[in-house]
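Peer 1: no FASTA, just this:
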């Protein structure tokens, strides 16, 4: 069965409306790959430590990687945005030395 140009165009318009906006991030987790489904659109992404990646900003997987602190937002100029502040509660800032 052939798909006409008008059918492909209609599918593209439908897909574009279902896709979340993409945001740039710097990834710092383990090397991995993921297939993200957004409505009819399927996006395959390879994740490598230190690499910039574009991910849909409202996708559940993106939110999970942000919560794990594997993603840091990057601004339009390619500069890494300030990472979210980490809680220092319960941490000891004094240097640790090995015991005897």
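Peer 2: Received it, and whenever you're ready, just let me know what you need. Keep in mind the model is a prediction, meaning the values are calculated, not measured.

Peer 1: how about the strands of this structure, start to end?
Peer 2: Ranges of strands within the chain are 22-27, 32-38, 41-47, 52-56, 71-73, based on DSSP state E.

Peer 1: could you say what helices and strands the last one packs with?
Peer 2: Put plainly, it is strand 71-73. strand 22-27 (3 or more C-beta pairs under 8 Å, 6 or more residues apart in numbering; DSSP states H and E). Yep, even glycine has a C-beta here, placed from its N, CA and C like the rest.

Peer 1: just checking: what are the partner strands of the strand it packs on?
Peer 2: Sheet partners assigned to strand 22-27 using DSSP bridges are listed as strand 52-56 (antiparallel), strand 71-73 (antiparallel).

Peer 1: redo the ones you listed as CSV? Include mean neighbour count, distance to residue 27 and mean pLDDT.
Peer 2: Formatted as CSV, the strands paired with strand 22-27 follow (neighbours: other C-beta atoms under 10 Å; distance: least, C-beta to C-beta, whole Å; pLDDT from 0 to 100):
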stretch, mean neighbour count, distance to residue 27, mean pLDDT
strand 52-56, 17, 5, 95
strand 71-73, 18, 6, 96
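
Peer 1: quick revisit: want to throw the strands of the chain into TSV with distance to residue 64?
Peer 2: Formatted as TSV, the strands of the chain follow (distance: least, C-beta to C-beta, whole Å):
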stretch	distance to residue 64
strand 22-27	13
strand 32-38	10
strand 41-47	12
strand 52-56	11
strand 71-73	9
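
Peer 1: count the residues that sit near residue 50.
Peer 2: For residue 50, the neighbour count with other C-beta atoms under 10 Å is 7.

Peer 1: that one against residue 27, yeah?
Peer 2: Yes. The criterion here is C-beta atoms under 8 Å, and residue 50 meets it with residue 27 at 7.4 Å.

Peer 1: what about the closest residue to residue 36 other than its chain neighbours, neighbour count?
Peer 2: Spatial nearest neighbour of residue 36, chain neighbours left out: residue 43 (4.6 Å); criterion: C-beta to C-beta, 6 or more residues apart in numbering. By the criterion of other C-beta under 10 Å, residue 43 has 15 neighbours.
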